[in-house]
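Peer 1: just need the structure, nothing else, for what follows:
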Amino acid sequence: MGRDVGVWIDHRKAMIASVTEKGEELALVISKAERQPRRTGDLPLKGRSEPEREPMSNAKQRKFTGHLNIYYDAVIAALRDARGILIYGPGEAKGELKKRLVRVNMGARILRVETEDKMTERQLAKKVRSFFA
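Peer 2: Numbering: from 1, shown residues only. As a prediction, the model looks like this:
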């Protein structure tokens with residue numbers, strides 16, 4: 001447990017910036033989860049269907065959830081030896097990651113969860129460096 005970590009996450013990618021005694025390293029984890037699958041009414045010429053009108057089928061939802069489970073497991077594996085964790089992200093993914101970290105007894109390491117739209121690798125590294133300085 002010798003490093004402090006910042007994570008920016010959404011459902012398609014996660015950036016992980018680590019601050020160690022030796023300096024800073026950056027790892028990028030790309031999601032295996034696809035975008036949410038198209039609904040049957042999505043045709044390029046007719047426009048996209050409204051999710052409220054036509055819910056995703058159970059099979060498609062299970063497949064997407066399975067992809068997300070693999071993705072979150074990969075992110076958590078990269079955070080195993082973290083001493084302190086900062087979580088940033090634009091949507092639901094940051095909350096879902098927090099819940100999963102709590103489930104695997106890593107919740108005490110979470111120091112902050114913030115909403116941040118898009119971040120570059122440098123912006124994430126700067127936030128992590130300044131928080132742990």
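Peer 1: other SSEs contacting the helix or strand of the chain with the lowest mean pLDDT?
Peer 2: In the chain, no helix or strand scores lower on mean pLDDT, DSSP states H and E than strand 23-30, which sits at a mean of 76. Helices and strands touching strand 23-30, by 3 or more Cβ pairs under 8 Å, 6 or more residues apart in numbering; DSSP states H and E, are strand 13-20, helix 58-79, helix 121-132. Heads up, the C-betas are built off the backbone N, CA and C, glycines and all.
Peer 1: so what touches the first one?
Peer 2: Spelled out, it's strand 13-20. Strand 13-20 is touched from outside by 2-9, 24-31, 71, 75, 78-79, 82, 119, 121, 124-125, 127-129, 132, with contacts defined as Cβ atoms under 8 Å, 6 or more residues apart in numbering.
Peer 1: list only buried entries from those.
Peer 2: Buried members of the contacts of strand 13-20, counted by 16 or more other Cβ atoms under 10 Å: 3-9, 29, 31, 71, 75, 78-79, 82, 119, 124-125, 127-128.
Peer 1: would you mind giving the helices and strands packed on strand 23-30 as CSV with mean pLDDT and distance to Ile87 added?
Peer 2: Listed next are the helices and strands packed on strand 23-30 as CSV, based on pLDDT from 0 to 100; distance: least, Cβ to Cβ, whole Å:
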stretch, mean pLDDT, distance to Ile87
strand 13-20, 88, 10
helix 58-79, 87, 10
helix 121-132, 90, 11
